[in-house]
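# Got a predicted structure here, sequence first:
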There are 2 protein chains.
Amino acid sequence: MPPLDRSLIAGLPAFAGLPGDQLDAILARARSAHFARDAEIFGQDEDATAFHLLLSGHVRVVRTSPEGHQVIARYIAEGELFGIAMAMGRTTYPASAIAAADCVVLTWPNAAWPDLQARVPAFGASAWQTIGTRLQETQATVMEMATEQVEQRIARAVLRLVQQSGRKTPEGIEIDFPITRQDIAEMTGTTLHTVSRLLSGWEQQGLVRGGRQKVTVVDPHALMLIAENRRKG
Amino acid sequence: MPPLDRSLIAGLPAFAGLPGDQLDAILARARSAHFARDAEIFGQDEDATAFHLLLSGHVRVVRTSPEGHQVIARYIAEGELFGIAMAMGRTTYPASAIAAADCVVLTWPNAAWPDLQARVPAFGASAWQTIGTRLQETQATVMEMATEQVEQRIARAVLRLVQQSGRKTPEGIEIDFPITRQDIAEMTGTTLHTVSRLLSGWEQQGLVRGGRQKVTVVDPHALMLIAENRRKG
DNA sequence: TCGCGACTTTGCGCGAACGCAAACAGTCGG
DNA sequence: CCGACTGTTTGCGTTCGCGCAAAGTCGCGA
């Protein structure tokens, strides 16, 4: 199998400015793969045999409880590492990863991890940073769920999505992958009914525009006010 | 200042079996400090200038929202690292650390981190493991908050506390540091009223025994059933 | 082009849990 | 030993958001 081209990762913020031989070291044991929308990249409780980097597309990270409830832990954006569970001493994936849109994914076998950390210090630093940010964000989520109303949580979730994956359109900023009301409900710990009701309300006020598997934010500022629970301030 | 004695940390699981010179390397730049109950070890949003290891006692990690709401992210048990925010690329602490009981804490300046990781591989591995576990637990908390009822969450919180810091007594297993109903409320995202009501109910059924800043679990099995939402099964 | 399935909207009733308020203990300090 | 303070219990009214149910709509595939 021919080695992958440096240009695949040279543009990523985490690896920008790295010498060519380090880029090659990163790519040496990597394989690239394509996943169609809704395909499973790895499954919860499977043996964690590899870790991944998302080159393009969007990935949904989902945890399923023993009772069958699903929670969307996060969406992975382009250039992010994911499925690095084993690096942290775990042997199985704590969640499933599903392609939320068509994806291109770089994959390394677990065994490549120590070598990569040793030969490319920036890689290890980037991984630490990723985990740190994620822990921080997850704890912020806990705070939200503990202290905020459903409406605020949904406003925040939508804002986060457009911030992370927004695309400008004539009508506003829209989330550039298909997302259902059910998905938003599973991000915020509520039901699709409540999400639908609130989005409808916002649409009537002109803050957002809805659509099938689509949300467009027309007035981000007003949404931020809702997220902070001060409607007109 | 005389160097600290190896015996301080030789007994900790994370460092067990380490050669003496590595123990010395760990202790070389460490300082030990005592904190009285309710003392603040570090404060949220302060510059993260050091990281810590709890030798004895219990530490409460608290996040405060801009609106003043508090959430207890976790309790730190003996032998655990905490306040390693900076290791993950952050410059300020994302939460406060308060002594939940009298504590002895080992403290290193941030600058010691890279050196320590290089000279004591087990230290780096232990830190990864700690962060991984914490991320995992925090995500589990999100799931609970999203999908479970208040009663289940409180049952789980109490079980986790006795499991982590339980002490056997004639009446049952009690949490061996002072904890208020308010604290439990802040762990589970509810109010002290609701906690009080539920604990009272359980006490009448003989599952637990309450007290001022005290909880004793009499029937852990029954509590587990509540946590799994199947009362008599 | 038509039909079906997936997604969304909306109404209605209910119940869990909150918020407020007041009374009730332990504990510690003087 | 007493008083004040901090923590706990309990009642009551209210509300937020769920659960169920049914209708509506969009888009894809046959």
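Structure received.
# In chain A, what residue spans correspond to helices?
A:7-10, A:20-28, A:112-119, A:121-147, A:150-165, A:181-188, A:192-204, A:220-227 (DSSP state H).
# Name the stretch among these that sits most buried.
helix A:181-188 (a mean of 22; mean count of other Cβ atoms under 10 Å in any protein chain shown). (C-beta placed from N, C-alpha, C; glycine too.)
# helices and strands around that one, which ones?
Where contact means 3 or more Cβ pairs under 8 Å, 6 or more residues apart in numbering or on different chains; DSSP states H and E, helix A:181-188 is packed against strand A:70-76, helix A:150-165, helix A:192-204.
# when you compare where it runs with where helix A:192-204 runs, what's the angle?
100 degrees (axes from the mean of the first three to the mean of the last three Cα atoms, to 10 degrees).
# So what's the model's average confidence on helix A:181-188?
Helix A:181-188 carries an average pLDDT of 98.
# Which residues outside that helix are in contact with it?
Helix A:181-188 is contacted by residues A:60, A:62, A:70-72, A:150, A:153-154, A:157-158, A:191-192, A:194-196, A:199, A:215, B:146 when judged by Cβ atoms under 8 Å, 6 or more residues apart in numbering or on different chains.
# any residue of it up close to DNA strand C?
Yes: interface with DNA strand C: helix A:181-188 contributes A:181-182 (Cβ under 7 Å from any atom of the strand).
# Poorly predicted segments of chain A, please.
Applying pLDDT under 70 to chain A flags the ranges A:1-2, A:86-87, A:231-233.
# Would you mind listing what in it touches chain B?
A:63, A:65, A:67, A:69, A:71, A:73, A:85, A:87-90, A:94-95, A:125, A:128-129, A:131-136, A:138-139, A:141-143, A:145-147, A:186, A:188-189, A:229 (Cβ under 8 Å from any Cβ of the partner chain).
# Turn the helices and strands packed on helix A:181-188 into JSON lines, columns for distance to B:I175.
Output for the helices and strands packed on helix A:181-188, formatted as JSON lines (distance: least, Cβ to Cβ, whole Å):
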{"stretch": "strand A:70-76", "distance to B:I175": "28"}
{"stretch": "helix A:150-165", "distance to B:I175": "31"}
{"stretch": "helix A:192-204", "distance to B:I175": "36"}
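# Looking at those, which is nearest to DNA strand C?
Counting by Cβ to the nearest atom of the strand, DNA strand C lies closest to helix A:192-204 out of the helices and strands packed on helix A:181-188; the figure is 3.2 Å.
# Domain map for chain A?
Here the domain parsing of chain A from automatic domain parsing is A:7-145, A:148-227.
# Need the distance between the two termini of the shortest one.
It refers to domain A:148-227. 9 Å (Cα to Cα, to the nearest Å).
# same question, stretch A:60-73
For stretch A:60-73, the first-to-last residue distance is 8 Å (Cα to Cα).
# Intersect the contacts of helix A:181-188 with the contacts of DNA strand C.
Near DNA strand C, judged by Cβ under 7 Å from any atom of the strand, the entries from the contacts of helix A:181-188 are A:192, A:196, A:199.
# what's A:A122 in contact with, if anything?
Neighbours of A:A122 in contact, by Cβ under 8 Å, 6+ apart: A:14-15, A:18, A:22.
# Nearest to DNA strand D among those residues?
A:A14 (34.3 Å).
# separation between the residue nearest to that closest one when sequence neighbours are not counted and B:S126?
In space, A:A14 comes closest to A:S126 once its chain neighbours are excluded; the distance is 4.2 Å by Cβ to Cβ, 6 or more residues apart in numbering or on different chains. A:S126 sits 21 Å away from B:S126, going by Cβ to Cβ, to the nearest Å.
# before we move on, the earlier item: reformat the ones next to DNA strand C among the contacts of helix A:181-188 into a markdown table and put distance to A:L53 next to each item.
A markdown table is the format used below for these (distance: Cβ to Cβ, whole Å):
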| residue | distance to A:L53 |
| --- | --- |
| A:L192 | 32 |
| A:S196 | 35 |
| A:L199 | 33 |
